[in-house]
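Participant: fold the following, please.
(chains A and B)
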Amino acid sequence: MDATPSNIDLQRSNYDVDAIRADFPILASEINGYPLAFLDSGASAQKPECVLRCMDDVYRRSYANVHRGAYTLSQAATDYYEGARKTVARYINARSDDEIVFTHNVTAAINLVAHSYGRRFLQRGDEVIISQMEHHANIVPWQLLRDEIGIELKVAPIDEAGNLLLDQLAEMFGYKTKLVSLTHVSNVLGTIVPIKKVIDLAHERDVPVLIDGAQGIVHTRVDVQDLDAEFYAFTGHKLYGPSGIGVLYGKKDLLNTMPPYEGGGDMIERVTFEKTTYRDAPARFEAGTPPIVEAAGLAAAIDYVDGIGVENISAHEQELLAYATERLNEVDGITIYGEAQHKAGIISFTLDKVHPHDIGTIIDSRGVSVRAGHHCAQPLMDWLGIAATTRASFGMYNNKNDVDALVEGLNYVKEIFS
Amino acid sequence: MDDDVRELYQEVILDHGKNPRNFRQLEDANCEAQGNNPLCGDRLTVYLKVDEDRLIRDAAFEGRGCAISMASASMMTQIVSGKTVSQVQYLFDKFHKLCTGEIEEFPQDEFAHDVDKLRVMSGVRQFPMRVKCATLSWHTMNAAVSGDSETSTE
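Facilitator: Below you'll find the predicted structure:
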């Protein structure tokens, strides 16, 4: 039997993509008269029924503010919120629930570290290493800190395929290097960065590491004790949970040396007009009413993902990636960006003489949802010498039909532009 | 929906998109502005030569973008040449309202000939996320004649 990817039977394993699809109500939609082929999970994933139901249930039966009221509903809501912290801690193998800070998204988590850790421990002339393929969320917070206190930003290079150049990264460390802040998986190229190696490199030089796991935790198992990074940030909505909730994992001792980022209720021990003392992490970093129901929804999403197994999801996405790469390469005039050795289910491409936005609009008329643009990674686009790409990104529920719809959509684009 | 897509990507737009007219830097321009659409990263520069009577003698543009934004810029340079600043501002206002669906039709007035060209672009009404592509060059032209060096769709 020919072993080309198109002949791989996606049903061969126990992975039942039809059953998974049935758990996501939105996937039954028609868009412009065509079945929805949702290929933008890298921007935000769709939500399974159990997440929707959990959030609905909390609002209907268990909702009140957390940590405050001495009454039944407040206790029920607090149980959901703190229970979610336990679920997250268990999922990423944190040593303690206290290492899980709820934020609003990854952007907020990185800004928290830049403001709190950055202002406390970095000084003028200190260096932060990032990479060529960072999302704006892991560039701009450091630029704001640079403008404020005068740190320097160093950019680790990548090769043409999108692999991080580890040897060159290793040579960038100096006595002024105070932090490495790096993406786990490139949201444009799909590169899975060997973060464990980078963390080891940094730790040999006593440099702490922040990992932007927005795309990473969706496609790979994350064990924070094994990785040993000081910080790992991710967001709920890409992990099949709700928007409005993110997670900053941080080593407990480190978090407790960091000053508060936002001030307000729930993060204090004692307030007088003269002096306020702060609670330990994570409460210290969770001022004000938190995203209570979103936390419950995130926990439901994590339980759902864990039930299927991120390794199984990843294997399924790898098969789709191989199939999509093969099918897309059949389209005349296509260029695929990102051919790293280890790649997650993300494919960026351009089509000769057609701008990605035109592709996006035209294939949407055939029910296919993709992202078109610079993907909040303009420095990477500049490095690639292009303004924008079209990006298809896979979730656990995608199947070969979705890929076929994409290819048919691209043929329609070519017909219009012929 | 296929009809809407076909109406948006009709022959004349594809032609202007592929072969934009007046796609060059204007050496003796005395008004120019840069237009940015930060959401999609598209950028263009509009060059105008405006005489002392506020008459636009020549117009050109450079930049990158989708077929809609390139075609709109190309047509815009053709339309504004030979008109006064107040005339093109009037047209911009009407074109903008046509694209966003604020008005259904152009007023029947002295610009009937130009209006036929602009009407071609109005298919963008069915695609709210693409309206900015059609209006970026006009915003930029408006900034240039108003003395602003930079404008943004946001």
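Participant: going forward, measure contacts between C-alpha atoms and count neighbours the same way
Facilitator: Will do.
Participant: so A:Asp223 touches A:Arg90, yeah?
Facilitator: No - in this structure, A:Asp223 is not within contact of A:Arg90 by CA atoms under 8 Å, at 9.4 Å.
Participant: which residues of chain B lie near chain A?
Facilitator: Residues of chain B found near chain A (CA under 8 Å from any CA of the partner chain) are B:1-2, B:5-6, B:9, B:14, B:18, B:39-42, B:64-68.
Participant: so of these, which ones are in helices?
Facilitator: B:Asp2, B:Val5, B:Arg6, B:Leu14, B:Lys18, B:Ala67, B:Ile68 (DSSP state H).
Participant: would you check that the last one makes contact with B:Leu136?
Facilitator: No - B:Ile68 is beyond contact range of B:Leu136, at 10.0 Å (criterion: CA under 8 Å).
Participant: give the contact list for residue 26.
Facilitator: Since no chain was named, I'll use chain A. Listed by CA atoms under 8 Å, 6 or more residues apart in numbering or on different chains, the contact set of A:Ile26 reads A:Gln46.
Participant: try again with chain B
Facilitator: Counting by CA under 8 Å, 6+ apart, the residues that B:Leu26 touches are B:Tyr47, B:Leu48, B:Ala59, B:Ala60, B:Phe61.
Participant: would you turn the ones in helices among the residues of chain B next to chain A into CSV with distance to B:Met75, neighbour count and pLDDT?
Facilitator: Conversion of those to CSV gives the following (distance: CA to CA, whole Å; neighbours: other CA atoms under 10 Å in any protein chain shown; pLDDT from 0 to 100):
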residue, distance to B:Met75, neighbour count, pLDDT
B:Asp2, 25, 14, 75
B:Val5, 20, 20, 91
B:Arg6, 19, 13, 89
B:Leu14, 12, 19, 94
B:Lys18, 12, 16, 92
B:Ala67, 12, 27, 93
B:Ile68, 11, 27, 93
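Participant: closest to A:Gly338 among those?
Facilitator: B:Ala67 (25.3 Å; CA to CA).
Participant: just give the number of residues close to the closest residue to the closest one other than its chain neighbours.
Facilitator: If you skip the residues right next to it in sequence, B:Ala67 has B:Gly17 as its closest partner in space, 4.5 Å away by CA to CA, 6 or more residues apart in numbering or on different chains. B:Gly17 is flanked by 25 other residues according to other CA atoms under 10 Å in any protein chain shown.
Participant: shouldn't B:Gly17 be in contact with B:Gly63?
Facilitator: No - checked against CA under 8 Å, the pair B:Gly17 and B:Gly63 is beyond contact range at 11.9 Å.
Participant: buried residues in the lowest-mean-pLDDT helix or strand in chain B?
Facilitator: The helix or strand of chain B with the lowest confidence, counting by mean pLDDT, DSSP states H and E, is strand B:150-152 at a mean of 74. When neighbours are counted by 16 or more other CA atoms under 10 Å in any protein chain shown, the buried residues of strand B:150-152 are found to be B:Thr151, B:Ser152.
Participant: show me what it is packed up against.
Facilitator: For strand B:150-152, the elements it packs on are strand B:31-37, helix B:131-145, judged by 3 or more CA pairs under 8 Å, 6 or more residues apart in numbering or on different chains; DSSP states H and E.
Participant: direction included, what does it pair up with?
Facilitator: When pairing is defined by DSSP bridges, strand B:150-152 lines up against strand B:31-37 (parallel).
Participant: now the strand it pairs with, how far from the centre of its chain.
Facilitator: 12 Å (CA atoms, centre = their mean, to the nearest Å).
Participant: any weak-confidence spans in the stretch 51-200 of chain A?
Facilitator: Applying pLDDT under 70 to the stretch 51-200 of chain A picks out no residues at all.
Participant: what sits against the residue in it that chain B sits nearest to?
Facilitator: At 12.6 Å from chain B, A:His136 is the closest residue in the stretch 51-200 of chain A, using CA to the nearest CA. Residues in contact with A:His136, defined by CA under 8 Å, 6+ apart, are A:Cys376, A:Ala377, A:Gln378.
Participant: check which helix or strand A:Leu406 maps to.
Facilitator: Taking DSSP states H and E as the criterion, the element that holds A:Leu406 is helix A:400-417.
Participant: contact partners of that helix?
Facilitator: Contacts with helix A:400-417, where a contact means CA under 8 Å, 6+ apart, come from A:37-39, A:320, A:323-324, A:327-328, A:331, A:354, A:359, A:362-363, A:366, A:368, B:6, B:9, B:14.
Participant: which of the residues in it are buried?
Facilitator: A:400, A:402-410, A:412-414, A:417.
Participant: and which of those residues is nearest to A:Gln168?
Facilitator: Using CA to CA, A:Val403 comes nearest to A:Gln168 of the buried residues of helix A:400-417, at 36.7 Å.
Participant: ok, A:Val193 touching A:Asn163?
Facilitator: Yes - with contact defined as CA under 8 Å, A:Val193 reaches A:Asn163; the gap is 7.4 Å.
Participant: per-residue pLDDT of the most far-flung residue of chain A relative to its centre, please?
Facilitator: Most distant residue from the mean C-alpha position of chain A: A:Glu274, 41.0 Å away (CA atoms, centre = their mean). At A:Glu274, the model reports a pLDDT of 90.
Participant: do you know how far it is from A:Tyr240?
Facilitator: Here A:Glu274 is placed at a distance of 45 Å from A:Tyr240 (CA to CA, to the nearest Å).
Participant: how many other residues sit next to A:Arg60?
Facilitator: Here the number of neighbours of A:Arg60 (other CA under 10 Å) works out to 9.
Participant: quick one: low-confidence ranges for chain B?
Facilitator: Using pLDDT under 70, chain B drops low at B:1, B:154.
Participant: try it again with 90
Facilitator: Along chain B, segments meeting pLDDT under 90 span B:1-4, B:6-7, B:37-43, B:64, B:94, B:98-123, B:125-126, B:128-129, B:146-154.
Participant: and the stretch 201-350 of chain A, by the same measure?
Facilitator: Counting by pLDDT under 90, the stretch 201-350 of chain A contains low-confidence ranges at A:264-270, A:272-273, A:275-276.
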